[in-house]
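# kindly return the folded structure for what I paste below:
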Amino acid sequence: MNWDQIREVQNSKLGTIGNHSHTHDYLVDLNNKKINYDIDQSIKIFKKELGYNPNYFSYPFGEYSLDFINIIKQNFNLAFGQHSGVIDLSKDNFQLPRFPINEKYGDLERFKSVINLLPFYYKNIFPKENYLTDINNPPEVFVEFFSEQNNLENITCYSNENNKWRKSKTIFENDYKLKILINEKFTTERGRINCSLNDKEGWRWFGIQFVIKKI
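Model (predicted):
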């Protein structure tokens with residue numbers, strides 16, 4: 001899209017414009033100075049072309065670290081990753097989930113299925129740092145749920161550890177704290193965990209994405 005087309009979308013009120021960085025590089029692998037420079041450049045261009053910087057940011061490739069999040073918080077109100085899930089009030093405003101709809105995952109049947117998924121509420125996910133190095137890969141993963149969530153014993157999780165999707169073993173350390181056992185390192189660019197629960201109202205879903213430091 002060129003800027004005239006972007007302005008057309010903006011003026012039509014049919015869509016909301018967001019910021020997606022300047023270079024669309026693997027920013028999460030850069031130091032904070034370089035990340036800041038890239039974001040500052042994008043903001044300058046948006047202000048020149050549209051007269052403002054959008055409130056929304058989408059991390060390139062859905063990848064972020066705690067440092068990257070803190071940089072984005074300085075200039076935006078909301079930010080989206082690329083871990084699958086449904087947005088609800090329990091989600092962090094700077095780690096909002098979204099389902100990819102593209103060539104590989106964009107057929108009509110999949111679209112129908114994801115728009116019918118229900119939010120899966122949780123209180124916390126650990127670790128807070130999604131950027132993995134040799135030191136913290138594989139990560140120790142815990143999910144704390146709210147006491148109001150029913151049927152937690154029926155939760156099922158899958159991960160792509162060691163580049164092979166498999167069902168993950170899960171253990172409840174108490175009634176509402178789930179440990180997802182990741183026994184092998186994540187070896188691809190992104191480590192993923194997807195969890196689902198068939199509730200009375202329908203299927204609930206949330207995803208976790210880790211970024212693996214590139215050598």
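
# okay, and the beta partners of the nearest residue to residue 98 once chain neighbours are set aside?
Excluding its sequence neighbours, the residue lying closest to residue 98 (C-beta to C-beta, 6 or more residues apart in numbering) is residue 80, at 5.1 Å. Bear in mind the C-beta positions are built from the backbone N, C-alpha and C, glycine included. Judged by DSSP bridges, the bridge partners of residue 80 are residue 58, residue 96.

# burial count for residue 80?
20 (other C-beta atoms under 10 Å).

# is it true that it touches residue 96?
Yes. Using C-beta atoms under 8 Å, residue 80 is in contact with residue 96, at 4.7 Å.

# hmm, who's touching the lowest-mean-pLDDT helix or strand in the chain?
Using mean pLDDT, DSSP states H and E, the weakest-scoring helix or strand in the chain turns out to be helix 108-115, at a mean of 90. With C-beta atoms under 8 Å, 6 or more residues apart in numbering as the test, helix 108-115 has contacts from 84, 99, 101.

# ok, now which ones touch the residue nearest to the spatial centre of the chain?
Most central in the chain under C-alpha atoms, centre = their mean is residue 81, positioned 3.0 Å from the mean C-alpha point. Going by C-beta under 8 Å, 6+ apart, residue 81 touches 59, 62-64, 95-98, 209.

# again with residue 198
Contacts of residue 198 by C-beta under 8 Å, 6+ apart are 151, 154, 204.

# now, which of those residues sits nearest residue 45?
residue 204 (39.3 Å; C-beta to C-beta).

# buried set for the host helix or strand of the closest one?
Here residue 204, judged by DSSP states H and E, is contained in strand 203-212. Buried residues in strand 203-212, counted by 16 or more other C-beta atoms under 10 Å: 204-212.

# stretch 171-179 now?
Taking 16+ other C-beta under 10 Å as the criterion, stretch 171-179 shows 176, 178-179 as buried.

# name the residues that touch the longest helix seen in the chain?
Ordering each helix of the chain by length in residues (DSSP state H) puts helix 32-50 first. With C-beta under 8 Å, 6+ apart as the test, helix 32-50 has contacts from 3, 6-7, 10, 17, 19-23, 25, 27, 30, 52-54, 67-68, 71-72, 75.
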